[in-house]
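sequence below, structure please.
(2 chains)
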Amino acid sequence: MAGKEKKGVRLDHISKIYNDPKTGKQFYAVNDVSLEIEPGSFVTLLGPSGCGKTTTLRMIAGFESPDAGEIYLGDTAINALTPNKRDTAMVFQSYALFPHYNVYDNVAYGLKLRKVPKKEMDERIAKILELVELTGMESRMTNQLSGGQQQRVALARAMVVEPSVLLFDEPLSNLDAKLRVSMRTEIRRIQQTLGITAVYVTHDQAEAMAISDQIIIMNKGVIAQMGTPEEIYHHPNSEFVADFIGEVNFLTGEVVQAGEPCTVRIAGHDVAVGNAAGFSAGQACKVVLRPEAGILADEGALPCKVVLSCFMGAYQNYHVMVGDTLVKLADYCPVGRKVYQVGDTAFLSFREGCVSML
Amino acid sequence: MPVKTRQSAALERKKFFADPVMVTTIFSLIILLALFILYPLAMLLTDSVHVRETQLIPLEQILSGEAEVKYLDGGKSLKVVGPRNVETVIPLEDLSASYGYLYVKNGRAIRDGDTINPATAHVKVNSSYWTIDAFFRIFNDYTFRNAFSNTLVLGFITSFGAVVIGLLFAYVDCYVKVRSRVVKKMFDVVSTLPVVSPPFVLSLSMILLFGRGGLITRELLKIYDSNVYGLSGIAIVQILTFFPVCYMMLKGLLKNIDPSMEEAARNMGASRWKVFTTVTLPLMLPGLGNAFLVTFIESVADFANPMMIGGSYDTLATTIYLRITGGSYDTTGAAAMAVVLLGITLVLFLVQKYYLEAKTAATLTGKASRARAPIEDRSVRIPLTTLCSIISAFVILMYIAIPFGALFKLWGRDYSLSLKWFQQLFRDDGFKAFTDSFVLSLIASPITALLSMIISYLVVKKKFRGKGFIEFVSMLAMAVPGTVLGVGFIRGFAGGVFRTGFLQGIYGTGIILVIVFVVRSLPVGTRSGISALRQIDKSIEESAYDLGAGSAKVFMSVTLPLIKDSFLSGLVTTFVRSITAISAIILLVTPRYLLITCRINEFAEKGAYGVACAYATILIAIVYASIVVMNFVIKHFGTSKYQRVKESD
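Below is the predicted model:
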C-alpha cells in the first residue's frame, strides 16, 4: 500500500427510511447517525439484527442512498457516486465469489477493471495470495475450496484493489465457531499489515471485542455507544449496551451518600460503589455488575443466599439472591477458595474498579 | 412517522443516470415493448370503438335542402348537418380542401378556378367518431355468439380434462411406487412431448387414426362413418396437448407437500382416500386452479387445432381468422372479436398471475422435510399405473402415426411404404419452406434469448421507474392469443405506425415475422431468466459492482455466465416455438415467405395428409435435434460445472 494516502470515513447526520413491508408504514432504519472513522483504524458496527448496522455499511458502499445527511470518504462527499465509482471494497457474508472463475480470476477481477498491466497484476495477486496463505491455489475453482479458504479469497479480492476503505458485512457468520476465531485474528493481522481503514459489521460481541480499535453499538437505528472495547465493557452508558456486551446483573438501589466511592443502599444494605460520578444522594440507580466482578465471602456488607452452585471448569458458577434479585456470578480459578453450596448464606462484594452505575 | 425530506430518491436518480448504458437499454426496451406489444393491442381496441367514415353528399341534395342546411354569414358559407349529426361548415368561396371536407367533381377535388355544377358536384364529408356499435353488432351476430360459447365450452372441457389427467400423472409420479423402468421412461417422454410438438400434430394424427379413413376406426373397428371433426375431436386433442403442462406444474406442488402431514392423518386413522380428499387435495386446490386457468388460456388461444379438426365447430380464434381472410373484410368486426378474445384471456391471466400464484405459494411454502414413502399397495398401484400407461401409450401412438402418415403410399387405401410424399415435398417448394422457417426462427432466437436475459436482469436486480411496466408488458404477451396479436399487427402496421406510414416498410416482410416470433417467446424466456436469477445471491453482482464494474460489465461478465443455462434454453425454446408457430404468423405471412406450419395447414385442409405428414415429420425431427443439441451443450458447457450459489436468506 505504499504511497497511497489513507482515508477515513465520516458520516454526517445520516438517516435512512424504509417502508415496513407488512404495515406499509415508514420507519427509520438509520436515524441521524454521525460518526468519524480515523484513517487506518478498525471500527466495528455492532448490534442486534435490525439495528441498522448493515444498512449503514451498505450506504458507505453505495448500495443504498441515505435519505438525509452526507457521507464523506476522506474529504470527498460521495453520496451521489455509484458503488463502482467509490474507492471501497466489500467482503460479503456469503463471500459472493464468482463461481464461474477460478481463484486467480476472482482476485484479478477488480484489477482488470482498473486496467492494471499484466505483469503488475501478477505480482500483486501473488503478494496478496501469499498474505492470505493461498499461494498455489490460483487455478482452483471456488467450489473446490473450504469455507475458510473461500473467505480468504473474498478478502484477497477486496484487498488487492487497494481500496481506501475495506467493508466487512458479517464475513465470518457462515463459518464454524473454531474457524471464526482463527479467521478474525487473521483479518485483524492483515488489516494491521496493510494499515487499511476497515469498517466491520457483526452481531457477535466477542468478535467485535477481539478485532476492533473502536466499537460502535447500534440499536434501533441510532448509535447507543461508541468507544474502545474496554470502555464499552466497563463503562456501558445504558442498560442496553451493558446487556448486549457480555453477561450482566443489574442491582437496583438508591444513592445514600454521593461521592467517589459513593454509598448505595441495595436491598436494605449500604454498599460502597466506585465509578459513580454525577450521582447525588437520594437518586435511584442501578449497579452494573459483571459476573466476574462479584466476590462471595463469609462476611461483608451485602448478604445473599446461594440458589445454584455449579462447577464449570474455568470457574464456579453461582446464582445468588440479593433481596428479590437473582444475581449470576462467575468465580474464576476457584481452586483453594471456599466453594459455597446451595442454601448457604454468603456476602457479596464488588471487585475494585469493575463495577459501574447507571 | 412523518418524514420531511427524502433525498434518497434524488440520489438514486443521480446514480441511475450515471450509467448511460443502462439508461439507454431501459429506454430502448420500453420503446420496443410499447411499440410491438402495447401499441398493436391499443390499435385493436381503438379500431373496435372508433369509426372513420367518408360520405359523399351531392351538393344538389344540400342545396335542395335534403340534408339539413343553414346559410351562415349572410349566405357566404353553408352549415351542413349530414347523417349522424356531423356538422360541417362550408365557406362557398373557399374551394380548397381544408376543414375536413372537399367539393368533389367527377371524383376529383375541385381546384381553384374550376366551375362547378351543383347538379353533379358532391361534398365529401370525413367524419370520425367513437362508438361501441361494433360490439352490439357482433353480439347480435349468430356466428360470433356461437363461436363465443363454443370457445368457453371447449375451454372448460379441455382444462378439466387436462387437470384431471395431469393430476393423475403427478400423483402416480410422486406417490406411487412405479416398478417398471419402461413406464417411467414413458412418463418422461410424454412430459417432454408438448415442447417438441408442433401445435397441430395431434390433430393430424387424430384424423389419420380415427377419421373416416382412420387406421383404427376404419381398418380395425370397421367403422365407416366415424367423424372426428368437432368438439370431441378438438377436446381430445387439446387435452392430450395440454395435460403434460398441468402434470409438470402439479408435480412441482406435490413434491413440496410435507409427507409428515399425510402420515399424521394416516396415523389418526384416515384411509388413503380420506387422506387424499382431506389433506392432499385441499392443499393442492389453489395449484389446481392455477393449472386450470393456464390450460384454459391455452385452449382459448389455440388456433391450429380448432382450425384443423374443428370442422364446423368454430371458436373465436378461427372465426377472427376467417373474418379477416375470408373476403368479408369486416375489420371492425374482427377487431371487436379480437378484443373480446383478448378480454377473456387477459382476465384469466390476471386472476392466475396475481391471485392464484400468490395463493399457491402461500399454502405450499418450504420444502418437504424428507422423501415420501411411495405407496406399494397393489390396489392403488396397479389401477393408477395402468391408467397412466394407457394414456401414455396412446399419446406415443399418435406421434408415431405422423411419420407413417408420410411413409404410407396412400393412407386409408394403400399401406405400402414409399418415399413419394417426401419426394413430392422437395419437388414442390418444400425446400424453400424449410429454409424460410429455419432462417427466420434462427434470427429470432438469439434476439429473444438476449432480450429476455436483459429484462430478467433488470427486473430482478435493478430498481428503477418503469420496471413494473417492463415486467408486466413482457409477461402480458403470454396472455395475448396469437390470433389477436396477428390482427393487432395488421391493424397497427399495415398503414405504418398510427397510419402515418412510419415503419410501414416492415409490414409484409420477414422483419415483422421475426418480431412476432420474438414477442411470442419473450414471456417464456423472461420467466425462465427471472427464476434462474432469483437463485443467484445478489451479493455476487454487488461485489462485482463494488469492485468497479458498471452495469453492462456486471451483466456480461457475471450475470450472463451464471444464467448461461437459462440463456441457452431460451435460444432453443424460441427457435422451437418460432418454427412451430402458426396462429399469429398465418395472418401476417405473405407469399414471399413460405413457412412450414402454414404449408402443413394448407395441405391438411386440402386433405393431402401424406405431404402434410412429411412436413410434420421433418419439423419434429428438426425440433427434436435442436433440443438434443441444447441438452448436450448445457451438459458440457453449462453452469453445472460449478455449483449454483444459493441465496443466503
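
near chain B, which residues of the stretch 101-250 of chain A are found?
Neighbours of chain B within the stretch 101-250 of chain A, by Cβ under 8 Å from any Cβ of the partner chain: A:Y109, A:G110, A:L113, A:R114, A:M141, A:T142, A:N143, A:A154, A:R157, A:A158, A:V161, A:N174. Placement of C-beta: from N, CA and C, glycine included.

give me the buried subset of these.
Buried members of those, counted by 16 or more other Cβ atoms under 10 Å in any protein chain shown: A:Y109, A:G110, A:L113, A:M141, A:T142, A:A154, A:R157, A:A158, A:V161, A:N174.

OK, contacts around the fifth one?
Translated: A:T142. A:T142 is in contact with A:L97, A:F98, A:P99, A:Y101, A:N102, A:V103, A:N106, A:Q150, A:V153, B:Y642, counting by Cβ atoms under 8 Å, 6 or more residues apart in numbering or on different chains.

one more time with 7 Å
A:T142 makes contacts with A:L97, A:P99, A:V103, A:N106, A:Q150, A:V153, as judged by Cβ atoms under 7 Å, 6 or more residues apart in numbering or on different chains.

mind putting these in JSON lines, distance to A:G221 and pLDDT included?
What follows is those, written out as JSON lines (distance: Cβ to Cβ, whole Å; pLDDT from 0 to 100):
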{"residue": "A:L97", "distance to A:G221": "31", "pLDDT": "88"}
{"residue": "A:P99", "distance to A:G221": "35", "pLDDT": "86"}
{"residue": "A:V103", "distance to A:G221": "39", "pLDDT": "92"}
{"residue": "A:N106", "distance to A:G221": "35", "pLDDT": "91"}
{"residue": "A:Q150", "distance to A:G221": "32", "pLDDT": "90"}
{"residue": "A:V153", "distance to A:G221": "33", "pLDDT": "91"}
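
rewinding a little: in CSV, list the buried ones among the residues of the stretch 101-250 of chain A next to chain B along with distance to B:L410 and secondary structure.
Shown next, in CSV, are those (distance: Cβ to Cβ, whole Å; DSSP: H, G, I helix; E, B strand; the rest coil):
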residue, distance to B:L410, secondary structure
A:Y109, 66, helix
A:G110, 71, helix
A:L113, 68, helix
A:M141, 60, strand
A:T142, 63, helix
A:A154, 71, helix
A:R157, 70, helix
A:A158, 74, helix
A:V161, 75, coil
A:N174, 70, coil
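
B:F394: which of those residues is nearest?
Proximity of these to B:F394 (Cβ to Cβ) peaks at A:M141, which lies at 47.1 Å.

how much space separates the closest one from A:V160?
For A:M141, the distance to A:V160 equals 19 Å [Cβ to Cβ, to the nearest Å].

secondary structure class for the residue positioned nearest the centre of chain A?
Taking Cα atoms, centre = their mean, the centroid of chain A lies closest to A:A208, which sits 2.8 Å from it. At A:A208 the chain is in helix, as set by DSSP: H, G, I helix; E, B strand; the rest coil.

most widely separated two among the buried ones among the residues of the stretch 101-250 of chain A next to chain B?
Using Cβ to Cβ, these reach their maximum pairwise distance at A:L113 and A:N174, which is 26.3 Å.

quick revisit: would JSON lines of the buried ones among the residues of the stretch 101-250 of chain A next to chain B with distance to A:R189 and pLDDT be doable?
Formatted as JSON lines, these follow (distance: Cβ to Cβ, whole Å; pLDDT from 0 to 100):
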{"residue": "A:Y109", "distance to A:R189": "24", "pLDDT": "91"}
{"residue": "A:G110", "distance to A:R189": "22", "pLDDT": "89"}
{"residue": "A:L113", "distance to A:R189": "28", "pLDDT": "89"}
{"residue": "A:M141", "distance to A:R189": "27", "pLDDT": "88"}
{"residue": "A:T142", "distance to A:R189": "23", "pLDDT": "86"}
{"residue": "A:A154", "distance to A:R189": "16", "pLDDT": "91"}
{"residue": "A:R157", "distance to A:R189": "18", "pLDDT": "91"}
{"residue": "A:A158", "distance to A:R189": "16", "pLDDT": "89"}
{"residue": "A:V161", "distance to A:R189": "20", "pLDDT": "87"}
{"residue": "A:N174", "distance to A:R189": "21", "pLDDT": "80"}
